[in-house]
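> Show me how the following folds:
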Amino acid sequence: MVNASNNLNKVLADIKKVCSNAQDVEIIAVTKYADNKDIKDLLQLNLIKHIGESRVQDAITRWNTKELVEYKDKLTKHFIGHLQTNKVGKALEFFDFIDSVDSLKLAQIINKKAGELGKTINALVQVKLTKKDTQGGASLEDTQQLIEQVKKLENINLLGLMAIAPIEENPENLRPAFKKVKHIFDTNFDSLKDNKKYYLSLGMSTDLQVAIEEGSNLPRIGNAIFG
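You can find the predicted model right below:
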């Protein structure tokens, strides 16, 4: 049996061990493979404000079930997967953030659909750190240009970067790549100047410690919480 609340407390304790300002780190609980009962048990603790899903219709169905519908509007809902252009409209109706903006074409479609809905959508640009063809994201070399292009779109509120690293037996091997993403983040996003909270979403269950040490303030945690 999964004890999501105990698991979450272990994750929070791990963050405190490596981060002097742990209160500034917010966790995205990746709920896409979790059991609804485990999710509800976790949400009753009021320690999670962000949830992540990667399939639009599955997320809509899950968060309208009797177990979870009462929490749907109390959470910040992040879309963290590859967003197909024909699903953009539905995604914008349900999610609060699109964390996987990986091309100008997708950004332009999101911007157009958001305008049609009369809303501004929060977003993160996704940076690609793997060599997998199936992995989305702008390359480290192209990220700066994409950031500048997305910032010009009036219906997108660009609030930072998201990157998914390859699975490494030794997470220390990811540190150089995380440092590069952090440099791009610092170059483009300044909370003190803009009076906004910006998000650097690095790290998952397997590389959490290194990601936090390198500046992540919005890690995406699934397995470490839900098993």
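> mind listing the strands for this structure?
28-30, 50-53, 76-79, 97-101, 121-128, 156-164, 199-201, 220-221 (DSSP state E).
> Next, format the ones you listed as TSV and append distance to S139 and mean neighbour count.
Heads up, the C-betas are built off the backbone N, CA and C, glycines and all. Converted to TSV, those look like this (distance: least, Cβ to Cβ, whole Å; neighbours: other Cβ atoms under 10 Å):
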stretch	distance to S139	mean neighbour count
strand 28-30	23	25
strand 50-53	23	24
strand 76-79	21	22
strand 97-101	14	26
strand 121-128	6	24
strand 156-164	11	23
strand 199-201	17	26
strand 220-221	20	22
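> could you redo the ones you listed as TSV and give each row distance to D207?
Listed next are the strands of the chain as TSV, based on distance: least, Cβ to Cβ, whole Å:
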stretch	distance to D207
strand 28-30	14
strand 50-53	16
strand 76-79	18
strand 97-101	17
strand 121-128	15
strand 156-164	10
strand 199-201	13
strand 220-221	11
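> residues making contact with the least confident helix or strand in the chain by mean pLDDT?
Every helix and strand of the chain was ranked by mean pLDDT, DSSP states H and E. The lowest is helix 191-194, at a mean of 91. With contacts defined as Cβ atoms under 8 Å, 6 or more residues apart in numbering, helix 191-194 is touched by 197-198.
> repeat that for 6 Å
Y198 (Cβ atoms under 6 Å, 6 or more residues apart in numbering).
> Can you report phi and psi for R55?
Main-chain dihedrals, R55, degrees, to the nearest 10: phi -130, psi 120.
> Could you check how far it is from V30?
Separation of R55 from V30 (Cβ to Cβ, to the nearest Å) stands at 12 Å.
> give me the number of residues near E172?
By other Cβ atoms under 10 Å, the residues close to E172 number 11.
> Can you give me the distance of it to N157?
34 Å.
> go on, A29?
22 Å.
> go on, P171?
Taking Cβ to Cβ, one finds P171 at 31 Å from N157.
> Repeat that for G222.
Taking Cβ to Cβ, one finds G222 at 26 Å from N157.
> Kindly report the same for D186.
Taken as Cβ to Cβ, the span from D186 to N157 is 19 Å.
> do V125 as well
12 Å.
> and K40, how many residues sit next to it?
When neighbours are counted by other Cβ under 10 Å, K40 registers 16.
> give me every residue that touches it.
E67.
> and what of I27?
Here I27 is in contact with I221 (Cβ under 6 Å, 6+ apart).
> same thing with the one 5 residues further on?
K32 is in contact with 53-54, counting by Cβ under 6 Å, 6+ apart.
> can you do 10 Å?
51-55, 58-59, 62, 80-81, 222, 226 (Cβ atoms under 10 Å, 6 or more residues apart in numbering).
> Scan those residues and report the most crowded one.
I51 (28 neighbours).
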